[in-house]
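S.K.: Sequence below, structure please.
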Amino acid sequence: MPERAHTPPRNQREQLMELGLIGLGKMGGNMRERIRRAGHTVVGYDRNPDVSDVSSLRELVDSLQAPRVVWVMVPAGAATQSTVDELGELLEPGDVVVDGGNSRWTDDEKHAAELAEKGIGFVDCGVSGGVHGLANGYALMYGGEPEHVAKVQPVLDALKPEGDFGSVHAGKVGAGHFAKMVHNGIEYAMMQAYAEG
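M.R.: Numbering: from 1, shown residues only. This next block holds a predicted model:
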């Protein structure tokens with residue numbers, strides 16, 4: 001079952017929250033651990049039962065108190081779409097879905113509109129940091145309505161590096177993944193330049 005860290009960091013003690021996290025691979029698994037170290041409760045689901053805290057998305061949703069925040073860390077495209085579709089049937093008005101994968105920003109607009117019809121909020125979040133994010137924190141670029149971002153803020157604060165950097169509310173829905181796309185383009189160009197050099 002979900003674990004809670006023993007001693008939350010100083011300014012997060014009053015803002016502890018529950019999070020559902022879907023996708024516990026190298027990134028998602030380390031994110032779960034970093035969030036737990038900050039004192040939050042994380043209920044994780046993965047198709048691999050060896051790393052999963054629950055056996056289904058329904059069990060994940062049922063184990064969280066409303067209003068719920070569920071963070072999706074699965075491959076972009078069909079896997080994300082089917083997960084968002086299923087969450088749309090399980091969640092309730094006032095809940096929020098966060099897509100932390102590498103989705104196309106235009107897909108974010110579609111997902112936000114689909115969930116909004118059911119009163120469910122949506123935040124897109126580009127996440128950078130790889131396997132080193134557990135120790136160093138993750139660079140976060142997120143988009144969405146301020147009231148939806150506010151519900152996720154304690155977890156965003158737990159994931160980012162220490163200090164006043166590494167995290168930005170880039171704008172409306174889609175802005176987070178758009179910023180991540182630009183980030184990736186710069187990073188890949190630098191790697192190619194290093195290789196050619």
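S.K.: Pull out the buried positions in the longest strand seen in the chain.
M.R.: Identified as the longest strand of the chain according to DSSP state E is strand 121-128. Within strand 121-128, the residues scored as buried using 16 or more other CB atoms under 10 Å are 121-127. Quick note: C-beta positions are derived from backbone N, CA and C, even for glycine.
S.K.: between the residues you listed, which is closest to Trp105?
M.R.: For the buried residues of strand 121-128, the closest approach to Trp105 (CB to CB) belongs to Asp124, at 7.1 Å.
S.K.: Where do the helices of this protein begin and end?
M.R.: Ranges of helices within the chain are 26-37, 57-62, 78-90, 105-116, 133-136, 146-159, 175-196, based on DSSP state H.
S.K.: Output the longest strand of the chain as CSV, nothing but the C-alphas.
M.R.: Extracted C-alpha coordinates of strand 121-128, given in CSV (Å, rounded to 0.1, in the frame of the first residue of the first chain):
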residue,chain,number,x,y,z
GLY,A,121,-9.7,19.6,-14.9
PHE,A,122,-6.6,18.9,-17.0
VAL,A,123,-2.9,20.0,-16.7
ASP,A,124,-0.2,19.1,-19.2
CYS,A,125,3.3,18.9,-17.8
GLY,A,126,6.6,18.4,-19.7
VAL,A,127,9.0,16.6,-17.3
SER,A,128,12.8,16.6,-17.8
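S.K.: Using the centroid of the protein, identify the residue furthest from it.
M.R.: Gly197 (35.8 Å; CA atoms, centre = their mean).
S.K.: For Asp53, see how far away that one is.
M.R.: 45 Å (CB to CB, to the nearest Å).
S.K.: Then Ala113?
M.R.: 30 Å.
S.K.: any low-confidence regions in this protein?
M.R.: Low-confidence segments of the chain (pLDDT under 70): 1-14, 178-190, 194.
S.K.: mind running it again at 50?
M.R.: In the prediction, the chain carries residues with pLDDT under 50 at positions 1-13.
S.K.: what distance separates the longest strand of the chain from the centre of its chain?
M.R.: 6 Å (CA atoms, centre = their mean, to the nearest Å).
S.K.: For it, name the packing helices and strands.
M.R.: strand 96-99, helix 105-116, strand 139-143, helix 146-159, helix 175-196 (3 or more CB pairs under 8 Å, 6 or more residues apart in numbering; DSSP states H and E).
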